[in-house]
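Peer 1: Below are the sequence and a predicted model for it; my questions follow.
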Amino acid sequence: MGALDWTDAAKVNRVRVLMVDPRDPSRVLGELKGVDLSSSSLDCGYYSDTRTSGKLAVLGDGWIRGSMLRIVHEIPEWGYSNVLGTYIVTDDGARRDAGAWHYDMTLQSRLYGLSTDRLDAPWTIAANAYAETVMRQIIDGAEFYDMVGAPNVFRFKAAQILDTGTSRLSALFAMTNVSRSRLDVSPMGAVTVEPYVEPKARTPKLRIDLHSSKGVAQDGLTRTTNWLTMPDEVVISYKWTETTSGGPQGSQSVQREIHGSATVWQQGHQHRSNRGYRVTDFIEVRDLQPATAARAQQLAREYLERDSGESIEWQLTTLYLPVWEGDVVELYVPDGQEGYTGIRKCLVKSVSLNLGGAMTMQLTLKETSNVEEEEVE
């Protein structure tokens, strides 16, 4: 099968829901019938701790209670089949109407199951232990979970303790944070771990062309930006108290202060001369080494450089495209304000996928030029 043409609006989508053994995700128990796909959806978010969730509307008592649900997307004429996700059911609220039972099922990723599983005793991480080893032990203790991939190599220099009551998911995030890695979940329900790669360094998966006559992107595009609230000045303030000795009044406490500032270049569009007002990011630091005005000014310049990247997001609706949170795509904007047109390289920040009919997707795309590293988890 050659390259698939996702701009083909004539393709016929089919969605199947399979029931899966919660103790063995590879074992399919049967197909769930009676799903109202028009009232069912899947969501995912790059900055969501559990990454993906969903809801299913089901008519009848076909669900094997406790089984996981695997959502499969098929395009029969292409011979195409792809697993969208494997979910645990966390709510199966029911109502009886016209002599039949209707169920509204809440779906959560398997990461959610790790968020509700808490350590029943303190967990000691030995000095020289590897983050990967700790992660695999955490996963093994959860039962029925698998981990695919590995974090960046990180070795603890000193012993650490995970407190009683810490969720296994929080413990896993602690390991990925120290190793600068990314935690996620595979469509088959396995926990995935891989070294973090900045979105701006990733290869785009596909291009969404708003100028295309194929009509994959529906009419209506929203842009949001923080340029009107971006600081054009950063002020660093460091205060401390010194005790002086001698003099007629004896020892005295005297408060000292050092400050430094930095301002964006005048041509920058957030500069006060172009925006009509100043936005100051005032930062009080607890320590400054060395405690000099020059160091305070240097720190102000560093903070200003960090805050000077404009955050741009786009929201649009498309027909189904094979993208998910964490993917990188190109968005072609044919017209508009200067500085916001042309090819925009974006991180797929969130997706809301309607499982019925044409399977429309509501996408939130964040330009990769300002995806903050601290937002990895």
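Peer 2: Sure, I can see it.

Peer 1: And the strand ranked longest in the chain, what's buried?
Peer 2: Longest strand of the chain, by residue count under DSSP state E: strand 80-97. Under the neighbour-count criterion of 16 or more other Cβ atoms under 10 Å, strand 80-97 has 84-89 buried. Any C-beta I mention is one placed from the backbone N, CA and C, and that applies to glycine too.

Peer 1: Quick one: low-confidence residue ranges for the stretch 151-300 of the chain.
Peer 2: 246-250 (pLDDT under 70).

Peer 1: for it, what spans make up the helices?
Peer 2: For the stretch 151-300 of the chain, the helices defined by DSSP state H, counting those that start in this stretch cover 168-179, 272-275, 293-307.

Peer 1: Check the stretch 1-150 of the chain too.
Peer 2: For the stretch 1-150 of the chain, the helices defined by DSSP H, counting those that start in this stretch cover 110-115, 131-142.

Peer 1: Give the buried residues for stretch 286-299.
Peer 2: Neighbour counts using 16+ other Cβ under 10 Å place 288, 295-297, 299 of stretch 286-299 among the buried residues.

Peer 1: Among those residues, list the two that are farthest apart in space.
Peer 2: Maximum pairwise distance among those (Cβ to Cβ): 11.0 Å, between 288 and 297.

Peer 1: got any residues that touch both of those two?
Peer 2: Taking Cβ atoms under 8 Å, 6 or more residues apart in numbering as the criterion, residue 288 and residue 297 both touch residue 236.

Peer 1: Show me what the mean pLDDT comes to for the longest strand of the chain.
Peer 2: Strand 80-97 carries an average pLDDT of 96.

Peer 1: can you check stretch 360-375 too?
Peer 2: The average pLDDT for stretch 360-375 rounds to 81.

Peer 1: In that stretch, which residues are buried?
Peer 2: Applying 16+ other Cβ under 10 Å to stretch 360-375 flags 360-368, 370-371 as buried.

Peer 1: chain center to it, what's the gap?
Peer 2: Computed by Cα atoms, centre = their mean, to the nearest Å, the chain-centroid distance of stretch 360-375 equals 8 Å.

Peer 1: Can you get me a residue count around residue 335?
Peer 2: Counted with other Cβ atoms under 10 Å, the neighbours of residue 335 add up to 9.

Peer 1: my guess is it contacts residue 341, does it?
Peer 2: Yes: Residue 335 is within contact range of residue 341, at 6.2 Å (criterion: Cβ atoms under 8 Å).

Peer 1: OK, contacts around the most centrally placed residue in the chain?
Peer 2: The chain has residue 46 as the residue nearest its centroid, 1.8 Å off, counting by Cα atoms, centre = their mean. Contacts for residue 46 (Cβ under 8 Å, 6+ apart) come out as 325-326, 347-350.
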